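Colleague: all I have is the shape, not the residue letters:
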């Protein structure tokens, strides 16, 4: 009776497990699935991490260009050159002559259509000098106001007295603003190609010109009075 019972239990266990080949096949399948499954989430997360920043950066650049950039065509430049009265006279009062170093037509001065070589953009009527000088003058007026309030020194004293950081700060600002202004010009983009609400190239030019006059007047006044204007 005991032997019969043991054999019955073995037969039931064998039926539950199946044949030896089936049991080993199930074991191999479970082992492969268990070994491969942890790698799938890691693979998907790596793909998302690589694709996410590129798509985000590309979308942000497109959004900024769409909100601020205006494409200036050669036809628009030629039309303005023929109809704008200020373009009919050069800086010397004569009609702009193509190919001359000074008093060039607008079509030759513009970074979009003209020569973008170093000497061309840095010439007297080039795109760089007024842009950089206007931006540095606006920065200088703001810097002079706060620095004179804080130190009680004139602009010249902040640049020349020992222990003052005005001169290194000035040199650093000149390099930073010059480099930032050169990048779009070398890429064929003038300041008129960007605007955002009231921040236009025309407003920047007029504010910069007034800032140049104001900063020059500030320095001259302090040279005669020997005291800071904003203190």
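Modeller: The structure has been received and is ready for your questions. All values reported here derive from a predicted model rather than from experimental measurement.
Colleague: for residue 196, grab phi and psi.
Modeller: For residue 196, the backbone dihedrals (degrees, to the nearest 10) come out as phi -150, psi 100.
Colleague: number the residues from 8 up from this point.
Modeller: OK, 8 is where the count begins now, so the last one is residue 203.
Colleague: what sits against it?
Modeller: Counting by Cβ atoms under 8 Å, 6 or more residues apart in numbering, residue 203 touches 74, 75. For every residue, glycine as well, the C-beta is placed using N, CA and C.
Colleague: so how far is residue 149 from it?
Modeller: 20 Å (Cβ to Cβ, to the nearest Å).
Colleague: nearest the middle, which residue of the protein would you pick?
Modeller: residue 187 (8.3 Å; Cα atoms, centre = their mean).
Colleague: how about stretch 101-118: buried residues?
Modeller: 103, 110, 111, 112, 113, 114, 115, 116, 117, 118 (16 or more other Cβ atoms under 10 Å).
Colleague: no wait, stretch 139-154
Modeller: Of the residues in stretch 139-154, those buried (16+ other Cβ under 10 Å) are 139-148, 150-151, 154.
Colleague: for this protein, give me the ranges with low pLDDT.
Modeller: 8-65, 97-99 (pLDDT under 70).
Colleague: circling back to that earlier point, out of the buried residues of stretch 139-154, list just those in helices.
Modeller: 139-148, 150-151, 154 (DSSP state H).
Colleague: so which of these is the closest to residue 220?
Modeller: Residue 220 lies nearest to residue 144 out of those, by Cβ to Cβ, at 8.4 Å.
Colleague: quick one: contacts for the closest one?
Modeller: Contacts for residue 144 (Cβ under 8 Å, 6+ apart) come out as 215, 218, 219, 221, 222.
Colleague: how about 7 Å then?
Modeller: 215, 218, 219, 222 (Cβ atoms under 7 Å, 6 or more residues apart in numbering).
Colleague: how near is it to residue 225?
Modeller: 10 Å.
Colleague: can you check residue 184 too?
Modeller: Distance from residue 184 to residue 225, by Cβ to Cβ: 19 Å.
Colleague: same check on residue 131?
Modeller: 25 Å.
Colleague: what about these two, which has more around it?
Modeller: residue 225 (20 against 11; other Cβ atoms under 10 Å).
Colleague: you'd agree the more buried one is up against residue 237?
Modeller: No: contact between residue 225 and residue 237 fails when scored by Cβ atoms under 7 Å: they sit 8.4 Å apart.
Colleague: are there residues contacting both of these two? Which ones?
Modeller: Here residue 225 and residue 237 share the contacting residues residue 151, scored by Cβ under 7 Å, 6+ apart.
Colleague: please give me every residue in contact with residue 115.
Modeller: 105, 121, 122.
Colleague: ok now stretch 111-127, how far from the chain's centre?
Modeller: 23 Å (Cα atoms, centre = their mean, to the nearest Å).
Colleague: need the distance between the two termini of that stretch.
Modeller: End-to-end distance for stretch 111-127, by Cα to Cα, to the nearest Å: 10 Å.
Colleague: what's around the closest residue to residue 135 other than its chain neighbours, how many residues?
Modeller: Leaving aside its chain neighbours, residue 135 sits nearest to residue 128 (4.8 Å; criterion: Cβ to Cβ, 6 or more residues apart in numbering). Neighbour count for residue 128, taken as other Cβ under 10 Å: 20.
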